[in-house]
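In: The following comprises the amino acid sequence and a computationally predicted model.
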Amino acid sequence: MTPAEIRQYADIDLEFADFIVRLAGENACPVLKRHALELSSAVRNGAACIPVENEAAEEELRKAFPAVGCFPENGWSTPLILEGKRLYFQRLLRMENKLVSLFLELARGEVPAPPPDRVDEVFSPLPPSDAVEHQKKAVRNALTHPLAIISGGPGTGKTTAASALLYQELLRSPAPAIAIAAPTGKAHFRLREALSRDAEKFAIPEGYRQQIWSLPGGTIHRLLGWGKNGPKYGPAHPLPFDLVLLDECSMISLELMTALLEALRPDTRLIMLGDRAQLSSVDSGVVFSDLCQAAEDAPQGHPLHGVMTFLAHNFRAQSAPGLVALAEAIRAGRLPAEQEVLPLPGDRSRMAQALAPAVEAFSGLSELCRKGDPDALKQAFSLLEKFKIICAVNGDACYGLAGINRIVLSLLGLREDSPGVPVMVGKNSYELDLFNGDTGLVISGRQVRFPGREDALPLASLPKSDIAYAITAHKSQGSGYDRVLLVMPPEGSSVMTRELIYTAVTRARHQVTIRGGRDVIEECVAHRFIKNSGLAQKLLASDMKHSF
């Protein structure tokens, strides 16, 4: 490999590749080092595996024992494993194969007798349309399958269908054990609010609406009782639920989804909501996208056939037609010519001038958080959803995450510990029951309040956290804001993709503003980030019987 080729890899990739070469000993070859580097780099960026480039490379890798083994011939005896034409870390191959088995077992499960069909009655307050008929189909599908998927973009009515579904489930049994969960605290809070709000659209009695609001749940980590030693719930101690409803499933990693499915009882049903076009988890796997693809391609008689309902009609098209059209165009791989793109200011001073009018949206937070009473905090968290800056990259530059957050603090005349400053947790803390992505507000006394919690936590006690006037596109998942400002860097990169821009744009309910170079944005919209995985193909090969 040339010095230029080696420089594209991180130090950890180089160290790992050197270890693999030493382990292979006399069986090492240039192909081995190159693939070890590529695999290490790809997994750091969320892939589960890498494809082997050709048959000659595959043959060379087969000779590199004990660094590389073949599955199932060599079992699990090597750190790298070749399965077909894909190269894996042993741990990720085990997990992927286990998840295939878990999904298929779940999809083959039994479903209790459905309750009286009141779907038409529940939807009767809504004007009849093809879109509403699709929502009804999604509800009936979820009532009759042990695994059901409701996929679609923001505004397509996924939670509306879910609220009608939950009412039907409450009719199935006088005391059903149902949990609702999402990958982040913010996403769970929004799911609970959306289910309660959507239930009011329907002819659902008040008592049932209250039951829907009070269903247990939280983040998936909280649901599983995740602590320092891993999850409390698992195969030997399953979750006590008949039904689990998951939202924002595109964010769920290979590891987390495997842990969740392992914790379900054999008779527990799973309903999954999500948008397959969004960014996937920052960790390994593209589980939801792969599952949707397999369900779409599954032939009749396959366990996944018919488990997915895709909702295409966007109900926001009347209130925000331009935003919906922009999102659909980006999803299709183009930036509309009529979409305005504002120039990127070249330095901190110009960026401050450009941001000053928009930052006024944050100005009321300080007074509300100084008051600190429940009503004031409710208003503050509501105000926090009016406007958000989403950055494509981290860093101290005037267009980077840290740089923009400092500019906003300066414009507001605040310190990092001032009341009204939003903070986002960046690392799990099992002791404090806080997880990556949880967002709170600083209140008086250098304390922080988080939505859905009654206690205030000392700011100094939080795990690693960041100011959150501006957040990354990844961290914006599961959230929604009235207005969004997307700030792009002056140059593209491998992580600047269509999925990133689509995710950022679809966080907006009413308006999105984009700053950056039009050529950079068009390049990003045209570029899809491929995270290699074997999950979709293996799900379709439903006769897999591997040992894990």
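Out: Received, thanks. Just so you know, these numbers come straight off a predicted model, no measurement behind them.
In: And the strands in the stretch 351-500 of the chain?
Out: Under the criterion DSSP state E, counting those that start in this stretch, the stretch 351-500 of the chain carries strands at the ranges 387-391, 422-425, 439-443, 447-449, 456-458, 465-467, 470-472, 481-487.
In: quick one: low-confidence ranges for the stretch 1-150 of the chain?
Out: Segments of the stretch 1-150 of the chain classed as low confidence (criterion: pLDDT under 70) are 1-5.
In: mind running it again at 80?
Out: Flagging of the stretch 1-150 of the chain using pLDDT under 80 yields the residue ranges 1-7, 114-115.
In: ok, which stretches of it are strands?
Out: Read by DSSP E, counting those that start in this stretch, the stretch 1-150 of the chain holds these strands, from start to end of the chain: 50-51, 68-70, 80-83, 86-89, 147-151.
In: taking those strands together, which one is wrapped up most tightly?
Out: For the strands of the stretch 1-150 of the chain, ranked by mean neighbour count under the definition mean count of other CB atoms under 10 Å, the leader is strand 147-151 at a mean of 26. Backbone N, C-alpha and C define where each C-beta goes, glycine included.
In: Would you mind pulling up the elements that it packs against?
Out: Secondary structure elements in contact with strand 147-151, counted by 3 or more CB pairs under 8 Å, 6 or more residues apart in numbering; DSSP states H and E, are helix 90-107, helix 130-143, helix 158-172, strand 269-274, helix 287-297, strand 308-310.
In: Now for Asp117: which residues touch it?
Out: Contact analysis of Asp117 by CB atoms under 8 Å, 6 or more residues apart in numbering lists Arg140.
In: same thing but at 10 Å, please
Out: Asp117 is in contact with Lys136, Val139, Arg140, Leu143, Gln168, Leu171, counting by CB atoms under 10 Å, 6 or more residues apart in numbering.
In: Gln339 now?
Out: Contacts of Gln339 were listed using CB under 10 Å, 6+ apart, and they are Gly322, Ala325, Leu326, Ala329, Ile330, Val505, Val512, Ile514, Arg518, Ile521.
In: returning to what we had before: of all the helices and strands packed on strand 147-151, which lies closest to Pro374?
Out: Set against Pro374 and scored by CB to CB, the helices and strands packed on strand 147-151 come closest in helix 158-172, at 25.2 Å.
In: what angle sits between the closest one and strand 269-274?
Out: Helix 158-172 and strand 269-274 meet at an angle of 170 degrees, taking axes from the mean of the first three to the mean of the last three CA atoms, to 10 degrees as the criterion.
In: give me the number of residues near the closest residue to Ile404 other than its chain neighbours?
Out: Sequence neighbours aside, Ala470 is the residue nearest to Ile404 in space, at 4.3 Å (criterion: CB to CB, 6 or more residues apart in numbering). A count of nearby residues for Ala470, using other CB atoms under 10 Å, gives 25.
In: Ala470 against Asn405, yeah?
Out: Yes - assessed by CB atoms under 10 Å, Ala470 is found in contact with Asn405 at 5.2 Å.
In: sorry, back to before: would you quantify the distance from the residue nearest to Ile404 to Thr513?
Out: According to CB to CB, to the nearest Å, Ala470 stands 13 Å off from Thr513.
In: cool, and Glu523?
Out: In this structure, Glu523 and Thr513 are 20 Å apart, going by CB to CB.
In: circling back: list the ones among the contacts of Gln339 that fall in helices.
Out: With DSSP state H as the criterion, helices contain Gly322, Ala325, Leu326, Ala329, Ile330, Val505, Arg518, Ile521 from among those.
In: ok, and the most crowded of those?
Out: Within the ones in helices among the contacts of Gln339, neighbour counts (other CB under 10 Å) peak at Ile330, which reaches 25 neighbours.
In: for that one, what are its contacts?
Out: Taking CB under 10 Å, 6+ apart, one finds 277, 336, 339, 498-506, 521, 524-525 in contact with Ile330.
In: Counting neighbours, which of those residues comes out on top?
Out: Ala504 (29 neighbours).
In: what residues are up against Gly516?
Out: Applying CB under 10 Å, 6+ apart to Gly516 gives the contacts 341-344, 392, 399, 486-492, 496, 501, 524.
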